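make a model of this:
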Amino acid sequence: MGRMTDRVAIVTGAGGSIGLASAKLLASEGAKVLLVDNRADDLAMALDALGGASENVDAAQADVGDEADTRNYIDQAIAKWGRLDTLFCNAGISGDNKPIADFPIEIFDAVLRVNVRGPFLACKFALPHMDAGGSIIITSSIMGVQANPNSAAYATSKHAVVGLMRTIAKEIGPRGIRCNVIAPGPIDNDFQLAIEDRMSKVTGTNATEMLNQRIPLRRHGQADEIAQTVLFLASDMSSFSTGAVFMADGGMAG
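A predicted model of the protein is given here:
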């Protein structure tokens, strides 16, 4: 018996490294998993990595910032499995790295649409289907507890989901449902590399080396390491933990 046996999980941003690693780990622990992503090729790759569509795995292409798409992927999970135990709101975009006076308004709006509106919609439409023992996990970032110059959209969005999580946790606690944030530090993946490439151009330094020097463990994290924290928060291992920000940052925020 796995830690997630007979439970149903939705993972958004499942085509990215953290989403895929988490979906694979949840499935290996017995969960039935719905993979959600707006990129068809990445979604197909993630589905293939979990062995293809089956009675325990399904996929839905969706724009997490769209109300109808959100309703549809949640309804898909309920129609297939009849319940929902874990909602992992992981989809996110990083935007751009520019000073506030030069920051493109359309990029600011796009980042908040995915990173904040996405989890809001997911929680709004998923919670009526969740019962005691359920768990909601929202991906924030180390940038959700601190900030750097030239990151107005991303830092704002990642701070915002901490407030969203704390509000939800207090609303649903009496129902026996938990809500927490996971806040990764720099991860060795394409998402982080794109951020660091932009940072390097803005600062004229090697952002990857600079970040490794700021991380007490002196390295970037791996997606599989973040997935272990996701499993902890999804399962009964964290049954008395709610309303909290769980850092997975190699000590960087300390």
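
where along the stretch 151-254 of the chain do the helices fall?
Along the stretch 151-254 of the chain, counting by DSSP state H, counting those that start in this stretch, helices occupy 152-172, 190-203, 207-214, 223-234.

so which of the ones you listed comes closest to residue 19?
helix 223-234 (8.6 Å; CB to CB). Every residue, glycine included, has its C-beta placed from N, CA and C.

what's the angle between the closest one and helix 190-203?
120 degrees (axes from the mean of the first three to the mean of the last three CA atoms, to 10 degrees).

show me what counts as buried in helix 223-234.
Neighbour-count burial for helix 223-234 flags 223, 225, 226, 227, 229, 230, 231, 232, 233, 234 (criterion: 16 or more other CB atoms under 10 Å).

nearest to residue 77, out of those: which one, please.
residue 234 (14.6 Å).

and the gap between the closest one and residue 205?
Taking CB to CB, to the nearest Å as the measure, residue 234 falls 38 Å from residue 205.

contacts for stretch 64-74?
For stretch 64-74, contacts defined as CB atoms under 8 Å, 6 or more residues apart in numbering pick out 10, 12-13, 34, 36, 38, 60, 62-63, 84, 89, 91, 113-114, 117-119, 121-122, 124-126, 129.

10 Å instead, please
The contact list for stretch 64-74, computed with CB atoms under 10 Å, 6 or more residues apart in numbering, reads 10, 12-13, 34-38, 58-63, 84, 87, 89-93, 110, 112-129.

what's the answer for stretch 2-9, then?
If you take CB under 10 Å, 6+ apart as the criterion, stretch 2-9 is touched by 22-23, 25-35, 56, 77-78, 80-88, 129-130, 133-135, 137, 230-232, 234-237.

show me the contacts for residue 186.
Shown in contact with residue 186 (CB under 10 Å, 6+ apart): 141-142, 192-193, 195-196, 207-208, 211-212, 214-215, 219-221, 249-250, 252.

among the contacts of stretch 2-9, name the buried ones.
In these, burial by neighbour count holds for 22-23, 25-27, 29, 31-35, 77-78, 81, 84-88, 129-130, 134-135, 137, 230-232, 234-235, counting by 16+ other CB under 10 Å.

now, which of the residues you listed lie within helices?
In helices, defined here by DSSP state H, the members of the buried ones among the contacts of stretch 2-9 are 22, 23, 25, 26, 27, 77, 78, 81, 230, 231, 232, 234.

wait, which of those residues is closest to residue 241?
Nearest member of these to residue 241, counting by CB to CB, is residue 232, at 8.5 Å.

surely the closest one and residue 182 touch.
Yes - with contacts counted by CB atoms under 10 Å, residue 232 reaches residue 182, the gap being 9.3 Å.

list the residues that contact both of those two?
Common contacts of residue 232 and residue 182, defined by CB under 10 Å, 6+ apart, comprise 137, 246.

roughly how far does residue 162 sit from residue 206?
30 Å.

once you drop chain neighbours, what's closest to the spatially most central residue of the chain?
Nearest residue to the geometric centre of the chain (CA atoms, centre = their mean): residue 90, 1.8 Å. The shortest distance from residue 90 to any non-neighbouring residue, by CB to CB, 6 or more residues apart in numbering, is to residue 13 (4.0 Å).

surely the one you found and residue 189 touch.
No - counting by CB under 10 Å, residue 13 does not reach residue 189; the two are 11.6 Å apart.

compare those two (neighbour count), which wins?
A direct count of neighbours by other CB atoms under 10 Å for residue 13 and residue 189 places residue 13 higher, at 29 against 18.

so what's that one up against?
Residue 13 makes contacts with 19-20, 22-23, 35-39, 42, 46, 64, 88-93, 114, 118, 139, 191, as judged by CB under 10 Å, 6+ apart.
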